[in-house]
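**Student:** predicted model and sequence follow; I will ask about them next.
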Amino acid sequence: MSPPTILQEVFGYDRFRGAQAEIIDHVVAGGDALVLMPTGGGKSLCYQIPAIARQRAGRGITVVVSPLIALMHDQVGALHEAGVEAAFLNSTLSGEAANAVERRLLRGEITLLYAAPERVTTPRFLAQLDSLHERGQLALFAIDEAHCVSQWGHDFRPEYRALVVLHERYAGVPRIALTATADAVTREDIVQHLQLQDARQFVSSFDRPNIRYAIVEKKDPTQQLMRFIDDQHAGEAGIVYCQTRKRVEEVAQQLCQEGMDALPYHAGLDPDMRQRHQDRFLREDGIVMVATIAFGMGIDKPDVRFVAHLDLPKNIEGYYQETGRGGRDGLPADAWMAYGLQDVVNQRRMIDEGEAPEEFKQVLRGKLEALLALAEATDCRRVRLLAYFGEESQPCGNCDNCLHPPRVWDGTDAARKLLSTVYRVQQQSGISFGAGHIMDIVRGRATDKVAQFNHQKLSTFGLGADLSEAQLRSVLRQLVATGAVAVDAEAFNTLRLTEGSRAVLRGERPVLLRESVSQGGGRRSKSRGDKAVPVVAAGLTGAAQQRFAALKAWRAEVAREHNLPAYVIFHDATLASIAALAPQSLRELEGVSGIGAKKLEAYGDEVLRVISA
């Protein structure tokens, strides 16, 4: 069976997207591949279709290396719904159930087997692969989330590096490594550690044109977040990322107090509670998940309408990966972030105080500076973001800077005043001071502390009286991120000069900054408590909206019976197409995108019954 036929009959789609067809043909023919494709770009089909094609050609099973239990469960469930024999081996299975899967594996009854990297490299599992290989029944290895192999990546997992054994032990079996996030350095690491030097690389555009990027300065971050959700996404599903577990708990509680359906998620919660919260997020509409970065990799929920960051991530790869969880269905979504000076201080301190070699720290500092440059940018966010991954683009017209161009000011003189003040207070008092006190001196504020240390007599006192605190904090963020000033955590977050200070003090390094803005522009406005009409259904007529609502209610019942997220049964886009078409026969229903042969057989009559009712 050819790949286009599999795409149509099994998955219900009539055409490939982007480079999918080229990748699939290459892998079906036995070639190795490294695939970089944005979240929502259809990476899974790039190994699922070759797995089915090679299995039907008598080549045997495909082993999919997947890092997350939740992702395995959902993907295997979705494949079952499409009529594909798939299974997983992970810690949720009893010994008896795992043995049953292994027996099916050795009998060749499985097309795709999902397993974690830790399991794949065990002697027991490798012995089973040896048996299959001897019989010519190993069709393909698919290594998902391949960026986990790289120490430069944002999700480094050392056990991924042991996967090189697949190449060393089964050199003739093709491999496909896939990721949504990898800059040039991470890409080189993937190639080196997985020995993919001869693999063909397929690098799709990193652009997610349906995502609108907005970054604002922190003033009252929780209130800013609530205004953002109220104004643009009331009643819709979203993810809010915070840096600490404590902050996750606080924000989730505050959102609940404001009438939002919010849940916390972090590694410190009881595992059963984490699973319950994740299941609710995947299976229910309108849940806001407040989480640390422990949540999200492999989450396939297509209708996440916003991803918000209340703290600065570590690097652009992490930011891109996390924001990419919004709008997987291709419909409009927002990536909103609030950041401040303390975020930069915290991230810089974690790097400087880490135990990593200095070479590694230098790379991390460069990544932090790149992220800060994105946050402080006055030009198109998307152009900056794509340039980081080596992709040229034009201004998008759909980010906060394009929609509301910020005013720019030259902060070079202000930076020199700040650094000169840091130097003079150290010279006069013999001790260092924090950012607030330094800014008070520059602005000429006669505080008790200024009087106590006689700092009103410094030559820099009042030199920046025309500068606001927000402007000076913006300058300090830039100076801290670029290493032109250091924050001493062991001495109460006091500031001190560095080697990097010289270029700024001499005027050799300009400091250009955006004017302080606390909020970005909105897309639409709703009142809290309004029941959101899904974006996918917004263009339907009144009668079609009623059909859509009835289909969603029916789908929810089926999903509960099958213990699967609703989107695994049918995506919202498929339901909207059915509602608009109002089919009266299975033949009419057959042409709807997302309905393959197995789903037509399993659900066709029920869908027609719901439509007719």
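**Tutor:** Ah, there it is.

**Student:** what about the chain, which residue is the most distant from its middle?
**Tutor:** When distances are taken from the C-alpha mean of the chain, Lys457 lies farthest, 50.6 Å away, according to CA atoms, centre = their mean.

**Student:** gap between that one and Asp466?
**Tutor:** 21 Å (CB to CB, to the nearest Å). For glycine as for every other residue, the C-beta is placed from the backbone atoms N, C-alpha and C.

**Student:** then Gln426?
**Tutor:** When CB to CB is applied, the distance between Gln426 and Asp466 equals 25 Å.

**Student:** neighbour count winner among these two?
**Tutor:** Shown here are Gln426 and Asp466; by other CB atoms under 10 Å, Gln426 has more neighbours (16 against 10).

**Student:** now that one, nearest residue through space, not along the chain?
**Tutor:** Leaving aside its sequence neighbours, Gln426 sits nearest to Ser432 (CB to CB, 6 or more residues apart in numbering; 5.8 Å).

**Student:** likewise for Asn315?
**Tutor:** Lys367 (3.8 Å).

**Student:** can you tell me the element the one you found falls in?
**Tutor:** When elements are defined using DSSP states H and E, Lys367 is found to belong to helix 358-376.

**Student:** list the helices and strands that helix packs on?
**Tutor:** Contacting helix 358-376 under the criterion 3 or more CB pairs under 8 Å, 6 or more residues apart in numbering; DSSP states H and E are the following elements: helix 316-323, helix 341-352, helix 381-388, helix 469-481.

**Student:** starting at the chain centroid, how far to it?
**Tutor:** Averaging C-alpha coordinates over helix 358-376 and over its chain gives two centres that are 18 Å apart (CA atoms, centre = their mean, to the nearest Å).

**Student:** need the contact partners of it.
**Tutor:** With contact meaning CB atoms under 8 Å, 6 or more residues apart in numbering, helix 358-376 is reached by 151-152, 185, 215, 312-317, 319, 337, 339, 344, 347-348, 351-352, 354, 356, 381, 384-385, 388, 474, 477-478, 481-483, 513-514.

**Student:** again, only this time at 7 Å
**Tutor:** Contacts of helix 358-376 from elsewhere in the structure, counted by CB atoms under 7 Å, 6 or more residues apart in numbering, are 152, 215, 312-316, 319, 339, 344, 347-348, 351, 354, 381, 384-385, 388, 477-478, 481-483, 513-514.

**Student:** show me which of those residues are buried.
**Tutor:** For the contacts of helix 358-376, a neighbour count by 16 or more other CB atoms under 10 Å gives the buried set as 152, 215, 312-316, 319, 339, 344, 347-348, 351, 381, 384-385, 388, 477-478, 481-483, 513-514.

**Student:** neighbouring strands of the strand or helix carrying Tyr114 in the sheet, and parallel or not?
**Tutor:** For Tyr114, the enclosing helix or strand under DSSP H and E is strand 112-115. Looking at strand 112-115 with DSSP bridges, its paired strands and their directions are strand 61-65 (parallel), strand 86-89 (parallel).

**Student:** for the stretch 51-200 of the chain, give me the ranges with low pLDDT.
**Tutor:** Judged against pLDDT under 70, the low-scoring parts of the stretch 51-200 of the chain cover residues 152-154.

**Student:** tell me where it has strands.
**Tutor:** 61-65, 86-89, 112-115, 138-143, 175-179, 200-203 (DSSP state E, counting those that start in this stretch).

**Student:** any chance of a markdown table for the ones you listed, columns distance to Pro221 and mean neighbour count?
**Tutor:** Putting these into a markdown table (distance: least, CB to CB, whole Å; neighbours: other CB atoms under 10 Å) gives the following:
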| stretch | distance to Pro221 | mean neighbour count |
| --- | --- | --- |
| strand 61-65 | 38 | 27 |
| strand 86-89 | 39 | 23 |
| strand 112-115 | 38 | 24 |
| strand 138-143 | 38 | 25 |
| strand 175-179 | 31 | 26 |
| strand 200-203 | 35 | 16 |
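
**Student:** how about JSON lines for those strands, with distance to Met226 added?
**Tutor:** Conversion of the strands of the stretch 51-200 of the chain to JSON lines gives the following (distance: least, CB to CB, whole Å):
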{"stretch": "strand 61-65", "distance to Met226": "40"}
{"stretch": "strand 86-89", "distance to Met226": "39"}
{"stretch": "strand 112-115", "distance to Met226": "39"}
{"stretch": "strand 138-143", "distance to Met226": "40"}
{"stretch": "strand 175-179", "distance to Met226": "34"}
{"stretch": "strand 200-203", "distance to Met226": "39"}
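
**Student:** tell me which of those sits nearest to Pro405.
**Tutor:** strand 200-203 (30.8 Å; CB to CB).

**Student:** now the element after the closest one, going C-ward?
**Tutor:** Under the assignment DSSP H and E, the closest C-terminal helix or strand after strand 200-203 is strand 211-217.

**Student:** for that next one, packing partners?
**Tutor:** Contacts of strand 211-217 with other secondary structure elements, assessed using 3 or more CB pairs under 7 Å, 6 or more residues apart in numbering; DSSP states H and E, are made with strand 333-339, helix 400-403.

**Student:** in the biggest helix by length in the chain, what's buried?
**Tutor:** Across the chain, the helix with the greatest residue count (assigned by DSSP state H) is helix 542-562. By neighbour count, with 16+ other CB under 10 Å as the criterion, the buried positions of helix 542-562 are 544-545, 547-549, 551-552, 554-555, 558-559.

**Student:** try stretch 603-610
**Tutor:** 603-604, 607-608, 610.

**Student:** for Ser459, grab the count of nearby residues.
**Tutor:** If you count neighbours by other CB under 10 Å, Ser459 ends up with 9.

**Student:** can you check the pLDDT for it?
**Tutor:** The predicted local confidence for Ser459 comes out at a pLDDT of 95.

**Student:** now it. Nearest residue, chain neighbours left out?
**Tutor:** Here the residue nearest Ser459, using CB to CB, 6+ apart, is Arg424, at 6.8 Å.

**Student:** give the buried residues for the strand or helix carrying that neighbour.
**Tutor:** Of the helices and strands defined by DSSP H and E, Arg424 is found in helix 412-429. The neighbour-count criterion (16+ other CB under 10 Å) identifies 412, 414-422, 424-426 as the buried residues of helix 412-429.
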